[in-house]
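Novice: sequence first, predicted model second:
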2 protein chains.
Amino acid sequence: MVKITIIGSGNVAQHLIKAFTKSDRTEIVQVFSRKKESLLHLVDSDKIATDFSDLKEADLYVISITDDAISEVSAQLPFENQLVVHTSGASPIAILNSKNRKGVFYPLQTFSKAKPVDFSIIPICLEAENQTDYTILETVAKSISNAVFSISSQQRKALHVSAVFVNNFTNHLYQIGQEICEEHLVPFEILRPLIQETAEKIQTLTPGDAQTGPAKRNDSTTIDAHLNYLTNENQKNIYKILTQSIQNNGKTL
Amino acid sequence: MVKITIIGSGNVAQHLIKAFTKSDRTEIVQVFSRKKESLLHLVDSDKIATDFSDLKEADLYVISITDDAISEVSAQLPFENQLVVHTSGASPIAILNSKNRKGVFYPLQTFSKAKPVDFSIIPICLEAENQTDYTILETVAKSISNAVFSISSQQRKALHVSAVFVNNFTNHLYQIGQEICEEHLVPFEILRPLIQETAEKIQTLTPGDAQTGPAKRNDSTTIDAHLNYLTNENQKNIYKILTQSIQNNGKTL
């Protein structure tokens, strides 16, 4: 059993606590959080540390907090030469304080507290300073997921930016779709199967092969009609820029 | 049995032929296409008409061709007072020639020939000039789908524009994600579960509740890092505009 201490109590931390509790290769030794109440539904009260000086020995310390705080928290840990990882897609391994052995354990998924996730299909991107530590992270990752990848800090940057496009920005396009529907008294639910199918197509086709629509077929009549129809300048602007980008096949104008 | 003639041989036409052939409430009488070969895998050769003068009597004629050609083809039909519908999200009911009874039978889904679709969950948006014709369309639609909606030409415009955002533009964001990954030698497959989950979240949450990411939490450090990281001006531009739109909650700047 790999003994794990989680530092943090946010969405990712909570999903990891659940996954590590279920796994038969890992054991949650402690969870650190200033807000004890937010964790009582997940771990016993005596396993929650609210002060760094209360931290016990573990094989792996997982810092799962906001990016801005990782550096400082890793410096405050009251021990040395332990394996300490963060879970951030946006931060390099070097952000961690050098008094401990550094690593990254980045589950590439969108987590919300409300919705349970199936960890077995979530890609986990690992990085470590040496093979021994990598093997520990790999054992832990493979005990909760079937999709484990070795990803350098440099590669993780690309993944994180890409994830913003395919997740955050995509979700915002859903929101614009909803706003247009609501403005014209059309139930947004009609679009839900289309949203689902758009994502499902990508599981087997490349985005290039899956692309359809007026921009792709250079249908200027429909494009002009849509631009005339939209009254919100922000929506119009986004429509124009994404249409041009599809027409230029993503190349710089 | 409602006797149906399909006019067209594209993606939507072919998926409709399959669905109507399977349904026990409908019967494909004929399919019209200038290119007979493209349909031989779906219908018997003697059911394929290549000239308008060969068209036989049917209860419903479904024009499923490119938007630009609907008006002309509906005018060329060698009969009057029949129920003729188109399947376009972008065209009003009035685009059809008035010598026949007009209607719209718009399946709101993204179709590609390569991928089979489950018609039962595809929303079908119907419009007709009177209740009798609407009832015929409703019978036909309900025989292949569980999601049938009465949608006016005005409402369909909103749906079609929204569909461009949540389908065409979303798919283009997938493509940008893939390009960033490829440029940095990261396998795009790592992002596929995230794409799937982003769409699945929307089946139960509103886009507003599902929104996460640096723009949503005003994390300017990460936003600046991403903009510095991107080298393609087009990608940078799209990143900036969608980030601003999220930060302004979709409101006009």
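Specialist: Arrived safely. Given the structure is predicted, the values throughout are model-derived calculations rather than measurements.

Novice: quick check: the residue sitting furthest away from the middle of chain A vs residue B:71, distance?
Specialist: Of all residues in chain A, residue A:221 has its C-alpha farthest from the mean position, at 39.1 Å, by CA atoms, centre = their mean. Distance, residue A:221 to residue B:71, using CB to CB, to the nearest Å: 12 Å. Yep, even glycine has a C-beta here, placed from its N, CA and C like the rest.

Novice: what's near enough to touch the nearest residue to residue A:13 once chain neighbours are set aside?
Specialist: Counting by CB to CB, 6 or more residues apart in numbering or on different chains, residue A:13 lies nearest to residue A:64, which is 4.0 Å off, once chain neighbours are set aside. Residues in contact with residue A:64, defined by CB atoms under 8 Å, 6 or more residues apart in numbering or on different chains, are A:6-8, A:10, A:12-13, A:16, A:86-87.

Novice: repeat for residue A:129
Specialist: Per CB under 8 Å, 6+ apart, neighbours of residue A:129: A:93, A:101-103.

Novice: mind doing that once more with 10 Å?
Specialist: A:83, A:93, A:96, A:98, A:101-103 (CB atoms under 10 Å, 6 or more residues apart in numbering or on different chains).

Novice: pull up the overlap in contacts between residue A:221 and residue B:71.
Specialist: The contact sets of residue A:221 and residue B:71 overlap at residue B:91 (CB under 10 Å, 6+ apart).

Novice: just the contacts of residue A:64: which are in strands?
Specialist: Using DSSP state E, A:6-7, A:86 are the members of the contacts of residue A:64 that sit in strands.

Novice: return the residues in contact with residue A:44.
Specialist: Contacts of residue A:44 by CB under 10 Å, 6+ apart are A:28, A:31.

Novice: now do the phi/psi pair for it.
Specialist: Phi and psi for residue A:44, reported as degrees, to the nearest 10, are phi -60, psi 150.

Novice: measure it to chain B for me?
Specialist: Distance of residue A:44 to chain B, given as CB to the nearest CB, to the nearest Å: 30 Å.

Novice: still on that earlier bit, the contacts of residue A:64, buried ones only, as a ChimeraX selection?
Specialist: Command for ChimeraX that selects the buried part of the contacts of residue A:64, burial taken from 16 or more other CB atoms under 10 Å in any protein chain shown:
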select /A:6,7,8,12,13,16,86,87
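
Novice: could you confirm the residue farthest from the centre of chain A falls within a helix?
Specialist: Yes - with DSSP: H, G, I helix; E, B strand; the rest coil as the criterion, residue A:221 is part of a helix.

Novice: may I have stretch A:214-234 as CSV, with CA atoms only?
Specialist: What follows is stretch A:214-234, C-alpha atoms only, in CSV (Å, rounded to 0.1, in the frame of the first residue of the first chain):
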residue,chain,number,x,y,z
PRO,A,214,-21.6,26.7,-43.5
ALA,A,215,-18.0,27.9,-42.9
LYS,A,216,-16.6,24.5,-44.0
ARG,A,217,-18.6,24.5,-47.2
ASN,A,218,-18.1,28.2,-47.8
ASP,A,219,-21.8,28.8,-47.8
SER,A,220,-21.7,32.6,-47.7
THR,A,221,-25.6,32.9,-48.0
THR,A,222,-26.1,31.1,-44.7
ILE,A,223,-23.1,32.8,-43.0
ASP,A,224,-24.5,36.3,-44.0
ALA,A,225,-28.0,35.3,-42.8
HIS,A,226,-26.6,34.2,-39.4
LEU,A,227,-24.6,37.4,-39.0
ASN,A,228,-27.7,39.4,-39.8
TYR,A,229,-29.7,37.4,-37.4
LEU,A,230,-27.4,37.8,-34.4
THR,A,231,-28.0,41.1,-32.6
ASN,A,232,-25.3,40.7,-29.8
GLU,A,233,-22.0,42.2,-31.0
ASN,A,234,-20.0,39.8,-29.0
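
Novice: now, among the ones in strands among the contacts of residue A:64, which is nearest to chain B?
Specialist: Chain B lies nearest to residue A:86 out of those, by CB to the nearest CB, at 13.9 Å.

Novice: which ones are touching that closest one?
Specialist: Taking CB under 10 Å, 6+ apart as the criterion, residue A:86 is in contact with A:7-8, A:61-65, A:67, A:70-71, A:73-74, A:92-93, A:95-96, A:102-106, A:127.

Novice: again, but for residue A:58
Specialist: A:2-6, A:27-30, A:79, A:82-84.

Novice: and for residue A:34?
Specialist: Counted by CB under 10 Å, 6+ apart, residue A:34 has contacts A:8-9, A:49-51.

Novice: between these, which has the most around it?
Specialist: Neighbours here mean other CB atoms under 10 Å in any protein chain shown. Within the contacts of residue A:34, the largest count is held by residue A:8, at 25 neighbours.

Novice: for that residue, give its distance to chain B.
Specialist: 15 Å.

Novice: phi, psi for that residue please.
Specialist: phi 130, psi 160.

Novice: in what helix or strand does residue A:104 lie?
Specialist: strand A:101-107 (DSSP states H and E).

Novice: and that strand, C-alpha only, in PDB?
Specialist: Extracted in PDB, the C-alpha atoms of strand A:101-107 (Å, rounded to 0.1, in the frame of the first residue of the first chain):
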ATOM      1  CA  ARG A 101      11.600  15.200  -4.300                       C
ATOM      2  CA  LYS A 102       9.400  16.700  -6.900                       C
ATOM      3  CA  GLY A 103       6.700  15.300  -9.200                       C
ATOM      4  CA  VAL A 104       3.500  16.000 -11.000                       C
ATOM      5  CA  PHE A 105       0.300  13.900 -10.900                       C
ATOM      6  CA  TYR A 106      -2.100  15.700 -13.300                       C
ATOM      7  CA  PRO A 107      -5.500  14.100 -13.900                       C
END
